[in-house]
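Enquirer: Provided below for reference: sequence and predicted model.
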Amino acid sequence: MADPLLEARNLRKSYPRHGEAGPRVVLDDVSLSVSPGDVVCLIGSSGSGKSTLLRCLDLLEPIDDGVIEFRGREISDPLVRPQEVRRDIGMVFQAYNLFPHLSVLDNCTLAPRKVHGMAPTDARAKATELLERFGLGEHVAKHPDQLSGGQQQRVALVRALCTDPALLLLDEITAALDPELVGEVLEIVRSLAESGTTMVLATHEMAFARDVASHVCFLDGGRILEEGPPSQVLGEPTEARTREFLRRVLA
Amino acid sequence: MSASTPDAGATTGAGWQPSARELARRRTRQQQHRRRVLIASVATVVVLGGLVAAVVLSPGWARVQATFLDPHHAKESLPAIAKGFWINVKMFLIAEPLILVAGLALALIRQARSAWLVPVRGLAVVYTDVVRGIPTLLLVFLFAFGMPALGLAGIPTSLFFWATVALVVSYSAYVAEVFRSGIESVHPSQLASAEALALSRAQTMRYVVVPQAVRRVVPPLLNDFVSLQKDTALAASVGVFEALFAAADYGNYKFNFTAYVVAAAFFIALTVPLARLCDALTRRMARRERAGAL
């Protein structure tokens, strides 16, 4: 097996609780390994720690314990500048989080121009090409609020892709969308997976996970309870909790 | 899964003990923290020291000290200024609630959509435009000298009263615009969901829009409060014996400006705690609303 692109070992994350004794443990001894080309799907009910795990991997949340390595370098070290790490990691959020004051094109060229030092014309050309490829060519000059949810989420994906990230983190990107808009977003993710993009995604779309994932992790109460290839975790789960979860979401 | 670094003590659940790696990280963070504290301290000392040195080493420092910072004159002018400052405080305490009410009313009138209120809406627009265009000092003159001059029966002639009215008139126009920007910053989806609950327009404003708007405009409102506190000194221009007038009075008799510094200290002593209080309130509100959310 090739060296992992991203590796997390024994992650622990807790939040202080208001009015109660002891912290609320959100991630408890979580380990995860992502090799180039992998598509890792995190499944589990709300509050199981999927989003927190993704946020920790992008260093948006400090971890309480454990190690995160990206390209063989420990990025959980306090001496590592998070901005440096995030240059090579793309993240897409459930609520799109596009900048409402910028046009679609400007949303997509902001980081390439200001962080990656791309010439404005190059950044625009690249963003336009990606937007066109994902069927957003006619919307480049519009502002995010003028677009549908599905269109906004596709723009958010393009925004994350414009910097050529080595790893893409997708946090329930279809959870806020109408069922009929889910397809258009997942289609993009599918084509990215086919072209070899490395991704870690939290999702509630089990059929999609079965099709696209190379590895599925079932999180429950902040722990990875079961993991393996999709056919095994989604097809023949060994844990009772996994079976119960799948029964509920597939019902 | 790599097992190359089995972290000692990375156990789970309630029995969790930080691993050696985490302890090392904490030490690093502590070092970083200490470094930041050190840098901050050095920077502060250098900047403040530089400023003090620049002032104290300036050629005219001895003269400035004698005319502006004389302890004897400070002590002697203090009682009169303190007495005068109480008038500033009274003026502020009376004017501020009136300004808030008038400002919010003006802002709401401008947002009203009722056909009956169209003429009032026009007046509100004219009021804010015209009043904001007039220097506050001029308003103080106009009200304090002009109103009693009308000679109408029953109209108060107190200068304190008319100076306060001038401040209320002037500041309510500014505050109305602050409230209006707050009201307009509430997202349309909030209006939609309030309307969807069949709330009337007035109820939507009262229960949904204004509470959110007020929270957002606390910092700019504070800015206007502080400004108002200082502008109570404009009453000195029409002869109200407040802090600035008392200081000027003292300075004119004793040829020493220390009294002005004393008056300034009084104003600062009032505005700084207010600013801190407002910051604390804003933080508390933000914490409560974001509790638990990422």
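Expert: Thanks, I have the structure now. Residues are numbered from 1 along each chain as shown, chains lettered A, B, ... in the order given.

Enquirer: residue boundaries of the helices in chain B?
Expert: Listed in chain order, the helices found in chain B under DSSP state H are B:20-56, B:61-68, B:71-111, B:118-133, B:136-141, B:147-149, B:159-185, B:188-196, B:201-203, B:210-231, B:243-254, B:258-290.

Enquirer: Could you check how far the spatially closest residue to B:Glu177 that is not a sequence neighbour is from chain A?
Expert: Nearest residue to B:Glu177, sequence neighbours excluded (C-beta to C-beta, 6 or more residues apart in numbering or on different chains): B:Thr128, at 6.2 Å. The way it works is simple: take the backbone N, C-alpha and C, and place the C-beta from them, glycine included. Using C-beta to the nearest C-beta, to the nearest Å, B:Thr128 is found at 27 Å from chain A.

Enquirer: B:Thr128 touches B:Phe179, doesn't it?
Expert: No. Using C-beta atoms under 8 Å, B:Thr128 is not in contact with B:Phe179; the gap is 10.8 Å.

Enquirer: Show me whatever sits in contact with both of these two.
Expert: B:Leu106 (C-beta atoms under 8 Å, 6 or more residues apart in numbering or on different chains).

Enquirer: of the two, who's got more company?
Expert: Comparing B:Thr128 with B:Phe179 by other C-beta atoms under 10 Å in any protein chain shown, the one with more neighbours is B:Phe179, at 27 against 21.

Enquirer: I'd like the distance between that one and chain A.
Expert: For B:Phe179 relative to chain A (C-beta to the nearest C-beta), the value is 23 Å.

Enquirer: OK, contacts around the residue in the stretch 151-251 of chain A positioned nearest to chain B?
Expert: Of all residues in the stretch 151-251 of chain A, the one sitting closest to chain B is A:Arg223 (7.6 Å; C-beta to the nearest C-beta). By C-beta under 8 Å, 6+ apart, the residues touching A:Arg223 are A:28-30, A:49, B:12.

Enquirer: Go again with 10 Å.
Expert: By C-beta atoms under 10 Å, 6 or more residues apart in numbering or on different chains, the contact set of A:Arg223 is A:25, A:27-30, A:44, A:48-49, B:12-13.

Enquirer: Please apply the same query to A:Arg24.
Expert: By C-beta under 10 Å, 6+ apart, the neighbours of A:Arg24 are A:13-18, A:47, A:222, B:292.

Enquirer: Backbone dihedrals for it, both of them.
Expert: Backbone torsions of A:Arg24, given as degrees, to the nearest 10, read phi -90, psi 120.

Enquirer: That one bridge partners, please.
Expert: A:Tyr15 (DSSP bridges).

Enquirer: Now do it against A:Arg223, distance only.
Expert: Here A:Arg24 is placed at a distance of 14 Å from A:Arg223 (C-beta to C-beta, to the nearest Å).

Enquirer: For the stretch 51-200 of chain B, give the residue positioned nearest to chain A.
Expert: B:Pro188 (9.6 Å).

Enquirer: pLDDT score assigned to that residue?
Expert: pLDDT recorded at B:Pro188 is 85.

Enquirer: Relative to A:Leu147, how far out is it?
Expert: Relative to A:Leu147, and taking C-beta to C-beta, B:Pro188 is found at 16 Å.

Enquirer: which one of the two has more residues nearby?
Expert: Set B:Pro188 next to A:Leu147 and count neighbours by other C-beta under 10 Å: A:Leu147 wins out with 18 against 9.

Enquirer: tell me, what residue is most central in chain B?
Expert: Geometric centre of chain B, nearest residue: B:Leu222, 2.4 Å, by C-alpha atoms, centre = their mean.

Enquirer: residues in contact with that one?
Expert: B:271, B:274-275, B:277-279, B:281-282.

Enquirer: got JSON lines for those residues, with pLDDT and neighbour count too?
Expert: Shown next, in JSON lines, are the contacts of B:Leu222 (pLDDT from 0 to 100; neighbours: other C-beta atoms under 10 Å in any protein chain shown):
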{"residue": "B:Thr271", "pLDDT": "85", "neighbour count": "16"}
{"residue": "B:Leu274", "pLDDT": "82", "neighbour count": "14"}
{"residue": "B:Ala275", "pLDDT": "82", "neighbour count": "14"}
{"residue": "B:Leu277", "pLDDT": "83", "neighbour count": "11"}
{"residue": "B:Cys278", "pLDDT": "80", "neighbour count": "17"}
{"residue": "B:Asp279", "pLDDT": "83", "neighbour count": "13"}
{"residue": "B:Leu281", "pLDDT": "80", "neighbour count": "13"}
{"residue": "B:Thr282", "pLDDT": "79", "neighbour count": "15"}
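
Enquirer: Output the below-cut-off pLDDT ranges for chain A.
Expert: A:1-2, A:19 (pLDDT under 70).

Enquirer: for it, longest helix please?
Expert: Chain A, longest helix under DSSP H: helix A:179-194.

Enquirer: Can you give me the buried ones in whichever helix or strand A:Gln83 is part of?
Expert: For A:Gln83, the enclosing helix or strand under DSSP states H and E is helix A:82-86. Neighbour-count burial for helix A:82-86 flags A:85-86 (criterion: 16 or more other C-beta atoms under 10 Å in any protein chain shown).

Enquirer: same for it, what does it pack against?
Expert: Packed against helix A:82-86, as judged by 3 or more C-beta pairs under 10 Å, 6 or more residues apart in numbering or on different chains; DSSP states H and E, are no other helices or strands.

Enquirer: send the alpha carbons of that helix over as CSV?
Expert: Output in CSV follows, covering the C-alpha atoms of helix A:82-86 (Å, rounded to 0.1, in the frame of the first residue of the first chain):
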residue,chain,number,x,y,z
PRO,A,82,-2.7,25.9,9.8
GLN,A,83,-2.8,28.2,6.7
GLU,A,84,0.1,26.3,5.2
VAL,A,85,-1.7,23.0,5.6
ARG,A,86,-5.1,24.3,4.3
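
Enquirer: where along chain A do the strands fall?
Expert: In chain A, the strands defined using DSSP state E lie at A:6-15, A:24-34, A:39-43, A:65-70, A:73-74, A:89-92, A:167-171, A:199-202, A:215-220, A:223-228.

Enquirer: could you dump the helices of chain B to TSV with distance to A:Gly235?
Expert: Conversion of these to TSV gives the following (distance: least, C-beta to C-beta, whole Å):
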stretch	distance to A:Gly235
helix B:20-56	37
helix B:61-68	85
helix B:71-111	59
helix B:118-133	67
helix B:136-141	77
helix B:147-149	87
helix B:159-185	51
helix B:188-196	42
helix B:201-203	54
helix B:210-231	49
helix B:243-254	82
helix B:258-290	41
